[in-house]
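Trainee: below is the sequence, then the predicted model.
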Amino acid sequence: MDKSDAVAVVTGAARGIGRRICTELAARGYRVAANDLNAPDATVAELRSAGAEAIALPGDVSDEATVRTMVEAVMEEFGRTDVLVNNAGISTIVPAEETTLADWSRTLAVNLTGPFLTCREFGRAMLDQGSGSIVNVSSVAGLLGVGDRAAYNASKHGLVGLTRTLAAEWGGRGVRANAVCPGWVKTEMDESVHKHQKTAA
Ligand SMILES: NC(=O)c1ccc[n+]([C@@H]2O[C@H](COP(=O)([O-])OP(=O)(O)OC[C@H]3O[C@@H](n4cnc5c(N)ncnc54)[C@H](O)[C@@H]3O)[C@@H](O)[C@H]2O)c1
């Protein structure tokens with residue numbers, strides 16, 4: 001396959017790390033499908049102005065029907081998926097004893113159920129092709145205990161576990177799964193963390 005035919009799907013691509021992943025993939029010749037809660041039009045416009053093929057995939061990754069629609073849109077537009085980057089995530093910064101069930105559930109839904117759904121749905125297409133690469137964006141919080149982040153840490157640890165399982169299950173069928181665990185990256189998410197810590201201090 002010519003590299004220019006390769007297709008990458010990136011979630012949470014409107015800003016921050018996800019937007020930068022899109023520009024890097026486009027610079028390497030990928031056609032890019034960029035997801036975010038609302039259509040990431042600025043990202044898509046930036047990619048197209050750089051000469052890349054790109055489409056927007058609006059919607060919540062934690063919603064099963066939405067993820068199925070995303071797969072349909074990518075298959076209709078590009079006919080294949082070679083790379084899936086699960087980058088969408090939210091951060092909940094609150095002491096464990098004050099963590100509400102709503103915060104816990106939403107954090108697990110976006111950071112863990114979302115990647116499960118996208119891996120399952122895009123993974124099927126990759127398994128049919130016999131090739132593909134999944135990159136799940138976890139965190140150092142997926143490897144270590146960090147205070148005031150019970151839901152976030154649990155979700156990111158879970159994402160590492162999901163990734164290891166997929167690597168064991170799909171690696172022999174041509175579909176690789178890896179997790180990356182970044183430390184601090186200065187983005188809008190990080191700014192909201194610092195705001196919270198200032199308030200909490
Ligand atoms: N910034 C850091 O220091 C840092 C460190 C380690 C890991 N990470 C991880 O990297 C990823 C990106 O972080 P960032 O700092 O760029 O965050 P960010 O908040 O700047 O961007 C996250 C993007 O995800 C989107 N998003 C949120 N919920 C979504 C959903 N349900 N469906 C689709 N899109 C959704 C947001 O709209 C936003 O555009 C996250 O998974 C985060 O946990 C960040």
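Mentor: Arrived safely, thanks for sending.

Trainee: from now on I want contacts and neighbour counts done on CA atoms only, so please keep to that.
Mentor: Will do.

Trainee: secondary structure class for the nearest residue to residue 179 once chain neighbours are set aside?
Mentor: In this structure, residue 179 finds its nearest non-sequential neighbour in residue 136, 4.5 Å apart by CA to CA, 6 or more residues apart in numbering. Counting by DSSP: H, G, I helix; E, B strand; the rest coil, the backbone at residue 136 sits in strand.

Trainee: contacts only, for residue 136.
Mentor: By CA atoms under 8 Å, 6 or more residues apart in numbering, the contact list for residue 136 reads 85-87, 115, 159-160, 163, 177-180.

Trainee: go on, residue 176?
Mentor: When the contact criterion is CA under 8 Å, 6+ apart, the partners of residue 176 are 131-134, 166-167, 170.

Trainee: list the buried residues of whichever helix in the chain runs longest.
Mentor: For the chain, the helix with the greatest residue count under DSSP state H is helix 150-170. Applying a neighbour-count criterion of 16 or more other CA atoms under 10 Å, one finds 150-160, 162-163, 166-167, 170 buried in helix 150-170.

Trainee: and that helix, average pLDDT?
Mentor: With pLDDT averaged residue by residue, helix 150-170 scores 98.

Trainee: show me the contact partners of that helix.
Mentor: Contacts of helix 150-170 (CA under 8 Å, 6+ apart): 90-96, 99, 103-104, 107-108, 111-112, 115-116, 127, 136, 138-139, 141-146, 175-179.

Trainee: returning to what we had before: what's the closest of the contacts of residue 136 to the ligand?
Mentor: Nearest to the ligand among the contacts of residue 136: residue 87, at 4.6 Å, using CA to the nearest ligand atom.

Trainee: so what's the residue count around the closest one?
Mentor: Residue 87: 25 surrounding residues under other CA atoms under 10 Å.

Trainee: tell me how far it lies from residue 133.
Mentor: Taking CA to CA, to the nearest Å as the measure, residue 87 falls 14 Å from residue 133.

Trainee: could you check how many residues crowd around residue 65?
Mentor: A total of 12 residues lie near residue 65 under the criterion other CA under 10 Å.

Trainee: residue boundaries of the helices in the chain?
Mentor: According to DSSP H, the helices that the chain contains are 16-27, 41-49, 64-77, 101-108, 114-129, 150-170, 188-200.

Trainee: as CSV, these with distance to the ligand would be great.
Mentor: Formatted as CSV, the helices of the chain follow (distance: least, CA to the nearest ligand atom, whole Å):
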stretch, distance to the ligand
helix 16-27, 4
helix 41-49, 10
helix 64-77, 10
helix 101-108, 9
helix 114-129, 7
helix 150-170, 8
helix 188-200, 4
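
Trainee: out of those helices, which gets the lowest mean score?
Mentor: Taking mean pLDDT as the measure, helix 188-200 is lowest among the helices of the chain, coming in at a mean of 58.

Trainee: hang on, the earlier thing: keep only those of the contacts of helix 150-170 that are in strands.
Mentor: With DSSP state E as the criterion, strands contain 136, 175-179 from among the contacts of helix 150-170.

Trainee: ok, of the residues you listed, which one's closest to residue 17?
Mentor: Among those, residue 136 lies closest to residue 17 (CA to CA), at 12.4 Å.
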